[in-house]
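**Student:** prediction below, plus the sequence it came from.
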Amino acid sequence: MKDGCSPPISLETKPQRKLHHGYKVFVSTWNVGGALPDADLRLDNWLDTRELYDVYVLGFQEAVPLTPLNVIRPTTNPLSRWNYLISAALNRSSSSSSSSSTSSSSSSSGQKIHPVKEGQAEEFFCVASKQMVGILLIVWLRGSLRKDLRHLSISAVGCGAMGFMGNKGAISVSFFLQKKSFCFVCCHLSSGGAAGDEQRRNRDAAKILSRTAFLRRRPRKILDHDRIILLGDLNYRVSLPVPTARSLVAKKEWAMLLQRDQLLAEMSGGILEGWSEGAIRFPPTYKYNPNSDEYYGCVPGSKGDNTRAPAWCDRILWRGKGLTQTRYDRYESKLSDHRPVRAVFVIPVHTDTWRTMPCGSQMRRQTLLSLISSSPSDHNQIRQSEGSVSSVTVYPSPFSNVEL
């Protein structure tokens, strides 16, 4: 019996598996040492905008000074500043055409929405943005991929002062791209270079993995996801006497230093066993003298801390099948005593291509997909990404009404 479609098609149509070209994901972690960015800070080189990627996952630590007042209730909003600068860098090539195309409308949050016309350069927009004291996690997405993103959820776990404050801990974001689940975890673990301090970092990592939970049935925990990337100031040091470590740094003997790297030890039989990391071919990322390329305490005649040696505190790890890392390096910036670390991953995605289906069956399938693509929401824990691809959020400048 016909259902109004022409021509009639068999009801036994099945989906065919097709390999997507692969998403290119840019990931970076940066401990900014409590520094607020100036309005003229350009992030193009850090974000490598000469080659635009599909997804940007950016983690910050110490985005505000970790004073007792800020730990209880941060007095500044670094999120708006960083998002404005990120938007400017990613959308710089098309900002002039977007601003002159049509009149803007205002959203309920006070941000401006500009329609994206056909033929304009593709724009990026923010799909997740969360702050916990000094930890920030920000995710930007290429506009054409918005239709592929579902079930976006955010969870924050503090394990700092008193065991639960947010000066240390992690923010995690979970979502689906096509049919695969992804989790990105931005961490700031306990500091300290004394013997035994690595055990406090191990406990922090264990708390983050066990306490982080997303308000849905599956995947609920970090390790339940198909593909996971962990980034941040993990604070693991080099287990060598400080004079020995500084001598090896002066000789640029990175391989010998890495033989005593605490994080690599934890990835081989410790709390982070099963995680992977790209080959480290760059100098230690911490600790530098202010506005200098010289390591703290390594300048002859300086009054440096005798318990602190250079180390690779800032790292990016991953686990799960199908993740291919094509880049792992550090970026040169004197904004803080850390150097940001960057990685690029290529992630293949299989999509279903459906043959022509009867209208009734197609409508039933679309209804089913719309039902299973919805997810519950909760205050400050869940952010749902659903909607049209035809608009992009434009961040107004937060610098005009604040003192820098």
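**Tutor:** Yep, it's here.

**Student:** just the helices in the protein please.
**Tutor:** Along the chain, counting by DSSP state H, helices occupy 44-47, 68-72, 78-90, 92-101, 197-211, 242-250, 254-258, 262-266, 359-372.

**Student:** quick one, which of those gets closest to C187.
**Tutor:** Nearest to C187 among these is helix 197-211 (6.3 Å), distances taken as Cβ to Cβ. (Each C-beta comes from the backbone N, C-alpha and C, glycine too.)

**Student:** and the gap between the residue nearest the centre of the chain and I138?
**Tutor:** Centrality entry for the chain: nearest residue to the mean C-alpha point is V57, 2.9 Å, by Cα atoms, centre = their mean. According to Cβ to Cβ, to the nearest Å, V57 stands 8 Å off from I138.

**Student:** which regions of this structure sit below the pLDDT cut-off?
**Tutor:** In the predicted model of the chain, residues 1-21, 93-121, 299-307, 350-396, 399-404 satisfy pLDDT under 70.

**Student:** help me confirm that the residue nearest to the centre of the chain comes into contact with Y23.
**Tutor:** No - taking Cβ atoms under 8 Å as the contact criterion, V57 and Y23 are not neighbours in contact, 11.4 Å apart.

**Student:** so can I have a markdown table of the helices of the chain showing mean neighbour count and distance to L36?
**Tutor:** As requested, the helices of the chain are exported to a markdown table (neighbours: other Cβ atoms under 10 Å; distance: least, Cβ to Cβ, whole Å):
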| stretch | mean neighbour count | distance to L36 |
| --- | --- | --- |
| helix 44-47 | 17 | 16 |
| helix 68-72 | 14 | 12 |
| helix 78-90 | 21 | 6 |
| helix 92-101 | 14 | 21 |
| helix 197-211 | 18 | 26 |
| helix 242-250 | 17 | 30 |
| helix 254-258 | 15 | 32 |
| helix 262-266 | 20 | 29 |
| helix 359-372 | 11 | 42 |
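
**Student:** my guess is P348 meets G322, correct?
**Tutor:** Yes - in this structure, P348 is within contact of G322 by Cβ under 8 Å, at 5.8 Å.

**Student:** to R327, which of the helices of the chain lies closest?
**Tutor:** helix 44-47 (12.7 Å).

**Student:** in terms of secondary structure, what does that closest one contact?
**Tutor:** strand 23-31, helix 78-90 (3 or more Cβ pairs under 8 Å, 6 or more residues apart in numbering; DSSP states H and E).

**Student:** hang on, the earlier thing: so for D148, which of the helices of the chain sits nearest?
**Tutor:** Proximity of the helices of the chain to D148 was assessed by Cβ to Cβ; the nearest stretch is helix 359-372, lying at 12.5 Å.

**Student:** what's the closest of the helices of the chain to R218?
**Tutor:** The closest approach between R218 and any of the helices of the chain, judged by Cβ to Cβ, belongs to helix 359-372 at 11.8 Å.

**Student:** could the helices and strands packed on helix 44-47 go into a markdown table alongside distance to M162?
**Tutor:** A markdown table is the format used below for the helices and strands packed on helix 44-47 (distance: least, Cβ to Cβ, whole Å):
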| stretch | distance to M162 |
| --- | --- |
| strand 23-31 | 22 |
| helix 78-90 | 24 |
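
**Student:** compare those and give me the one nearest G192.
**Tutor:** Among the helices and strands packed on helix 44-47, the nearest to G192 by Cβ to Cβ is strand 23-31 (14.8 Å).

**Student:** how far does the closest one sit from the chain's center?
**Tutor:** From the chain centre to the centre of strand 23-31 is a distance of 6 Å (Cα atoms, centre = their mean, to the nearest Å).

**Student:** for it, packing partners?
**Tutor:** Using 3+ Cβ pairs under 8 Å, 6+ apart: strand 23-31 touches helix 44-47, strand 55-61, strand 180-188, strand 227-233, strand 314-319, strand 341-347.

**Student:** tell me which of those sits nearest to I72.
**Tutor:** When these are compared (using Cβ to Cβ), the closest one is strand 180-188, at 16.9 Å.

**Student:** what pairs with the closest one, parallel or antiparallel?
**Tutor:** strand 169-177 (antiparallel), strand 227-233 (parallel) (DSSP bridges).

**Student:** what angle sits between that strand and strand 314-319?
**Tutor:** Between the axes of strand 180-188 and strand 314-319, defined by axes from the mean of the first three to the mean of the last three Cα atoms, to 10 degrees, the angle is 150 degrees.
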